[in-house]
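Student: Below are the sequence and a predicted model; questions follow.
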Amino acid sequence: MAKTALQFRHNSSDVAIFVDGGTNLLVALRELIGDMTPKFGCGQGGCGTCSVLIDGELHLSCLTLAETVAGRSVETLDSLKQGPNLHPLQRAFADNFAAQCGYCTPGMLMAAKALLDRNPSPSRAEVVEAISGNICRCTGYEPIINAILAASGGRASA
Amino acid sequence: MTVTVKTFTSSSEAAAALSSDRNARYLGGGTLVMRALNEGDVSISTVVRANDHALMRIDPSGPRITLGAGVTFARILGERDLAFLHAPARSIGGPAVRNMGTVGGNLFAPNPYGDFTVALLALDATVALQGGFGSRDIPIEEFLQSRERQAGSLVLSVSCTRPTSAEAFRYRKIARIKPKGGSVITLAAHLPISGGRIAGARIALGSMAPTQIRARAAERALEGRSLDAATVAAAASAAAEGTSPSDNALGSAWYRREIVGVHLRRLLLGQE
């Protein structure tokens, strides 16, 4: 079957790939571009670990048909890196012990970034709402919420 | 497995492609169709898309509102004029799902999903459909009763009349996980009051039958009466009448029948 040419902005570079019909964005990112930061969890939209930003908006890459991002901007966790330094959200996750097994962390960080980009000083309830589509099966939600509040400059106990 | 993706600029072309291929499915926000493809659903050989701006339109002002089929729940939450639909929109998914999932797709969402459609059923919405041979408007209840046969048609938009007051429309989703989770049951009630009495009561239920349904016995118990304790008790005791819930991981059919009256009573009394 014919492949479709696809061009989009991936983090800070333009990429061009060929995708099979029906390929989802997660597969395109991981297998065709080699960006392993978004993870495959459930493939059903239930876990959130594949979360990426499309034109700044939080989306599930496993439920996104790859060719729908043509000409758009896709940001993954890899976009947070700043040379040898951790992004403030990553730093806060490390400082607050917000990663246990770490599998949900890429999605949690992207959901947190989507929140803070829009709302730099969220309440605790807003943080809970923002990560409500992301499942942590270590059930380490409290440190994750505290880390996002710490990164936002809010009080972790608020 | 690969599928053929057909992208059109107009909804009528997409509808024609959809109606001419039994194995074609329309891709809206992706939360249903991509999920099926990820699970290896071999019944889908063609994915049809339309980049038609008309599908993205919201007409939020005036007594009758219209939502294009491609309107996401996040966009509804961004419309101040659509405040009466914010509770059902917010009850769906997490933020990512609300950025993706659409009003049109929700009409096809099986249990334990399709919560927004419960609200639209209570509001007696009209569904605008484009088939291979033209477009037509049908009541949402009729649409849901024949949902299996509607897969060859493209939903263009959904419209409904704005409730006359915030009190007249109520919505409640019962989930085990908060703030996000599949529906154990979902309830919506439209209770227009005329001269102190309910005139045109509509109660809609989700996860109480294979599709969203009306609780007609409860509606009859409310019709023409004032919303007092005796009326609410009568409606609550009739809530499960005519329903056919199933067992799933979120709850058993027995449990759903047991709780539907309890939650209808709380909804009608405005209790948490």
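Tutor: Ah, there it is. None of these values were measured; they are calculated from a predicted model. Residues are numbered from 1 along each chain as shown, chains lettered A, B, ... in the order given.

Student: Only C-alpha atoms from now on, for both contacts and neighbour counts.
Tutor: Noted.

Student: Counting neighbours, which bits of the longest helix seen in chain A end up buried?
Tutor: In chain A, assigned by DSSP state H, the helix with the most residues is helix A:105-118. Judged by neighbour count using 16 or more other CA atoms under 10 Å in any protein chain shown, the buried positions of helix A:105-118 are A:105-116.

Student: Give me the contacts around the helix or strand just after that helix.
Tutor: Downstream of helix A:105-118, the next assigned helix or strand under DSSP states H and E is helix A:124-130. The contact list for helix A:124-130 (CA atoms under 8 Å, 6 or more residues apart in numbering or on different chains) reads A:111-112, A:115, A:145, A:148-149, A:158, B:94-95, B:179.

Student: need the contact list for B:Gln271.
Tutor: If you count contacts by CA under 8 Å, 6+ apart, B:Gln271 has none.

Student: And the strands in the chain?
Tutor: Picking chain A for this. Under the criterion DSSP state E, chain A contains strands at A:4-10, A:13-19, A:51-54, A:57-60, A:73-75.

Student: I was after chain B.
Tutor: Applying DSSP E to chain B gives strands spanning B:4-8, B:24-26, B:46-50, B:58-59, B:64-68, B:126-131, B:134-139, B:154-161, B:169-175, B:183-190, B:193-194, B:197-198, B:202-206, B:213-214.

Student: Output the contacting helices and strands for the fourth one.
Tutor: Applying 3 or more CA pairs under 8 Å, 6 or more residues apart in numbering or on different chains; DSSP states H and E, we find strand B:58-59 packed against strand B:64-68.

Student: Any buried residues in the strand it packs on, and which?
Tutor: Those buried within strand B:64-68 under the rule 16+ other CA under 10 Å are B:65-68.

Student: same thing with stretch B:68-81?
Tutor: Residues B:68-77, B:81 are the ones in stretch B:68-81 that count as buried (16+ other CA under 10 Å).

Student: Quick one: end-to-end length of that stretch, please.
Tutor: The first and final residues of stretch B:68-81 sit 15 Å from each other (CA to CA, to the nearest Å).

Student: before we move on, what about stretch B:199-211?
Tutor: End to end - CA to CA - stretch B:199-211 spans 25 Å.

Student: to the chain's geometric centre, what's the distance from that stretch?
Tutor: Offset of stretch B:199-211 from its chain centre (CA atoms, centre = their mean, to the nearest Å): 10 Å.

Student: Mind giving me the packing neighbours of the longest helix of chain A?
Tutor: Helices and strands touching helix A:105-118, by 3+ CA pairs under 8 Å, 6+ apart, are strand A:51-54, strand A:57-60, helix A:88-95, helix A:124-130.

Student: what residues does that helix touch?
Tutor: A:37-39, A:48-53, A:56-58, A:76-77, A:89-90, A:99, A:122, A:127, A:130-131, A:134, A:144, A:148, A:152.

Student: Taking helix A:88-95 as reference, get the angle to it.
Tutor: Between helix A:105-118 and helix A:88-95, the angle formed by their directions is 130 degrees, by axes from the mean of the first three to the mean of the last three CA atoms, to 10 degrees.

Student: Can I get helix A:105-118 as PDB, trimmed to CA atoms?
Tutor: Taking Å, rounded to 0.1, in the frame of the first residue of the first chain, the C-alpha atoms of helix A:105-118 are listed here in PDB:
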ATOM      1  CA  THR A 105       6.400  10.800  33.800                       C
ATOM      2  CA  PRO A 106       6.600  11.900  30.100                       C
ATOM      3  CA  GLY A 107       2.900  12.300  29.900                       C
ATOM      4  CA  MET A 108       2.600  13.900  33.400                       C
ATOM      5  CA  LEU A 109       5.300  16.400  32.400                       C
ATOM      6  CA  MET A 110       3.500  17.300  29.100                       C
ATOM      7  CA  ALA A 111       0.200  17.600  30.900                       C
ATOM      8  CA  ALA A 112       1.900  19.800  33.500                       C
ATOM      9  CA  LYS A 113       3.500  21.900  30.700                       C
ATOM     10  CA  ALA A 114       0.100  22.300  29.000                       C
ATOM     11  CA  LEU A 115      -1.300  23.600  32.200                       C
ATOM     12  CA  LEU A 116       1.500  26.000  33.200                       C
ATOM     13  CA  ASP A 117       1.700  27.400  29.700                       C
ATOM     14  CA  ARG A 118      -1.900  28.500  30.000                       C
END
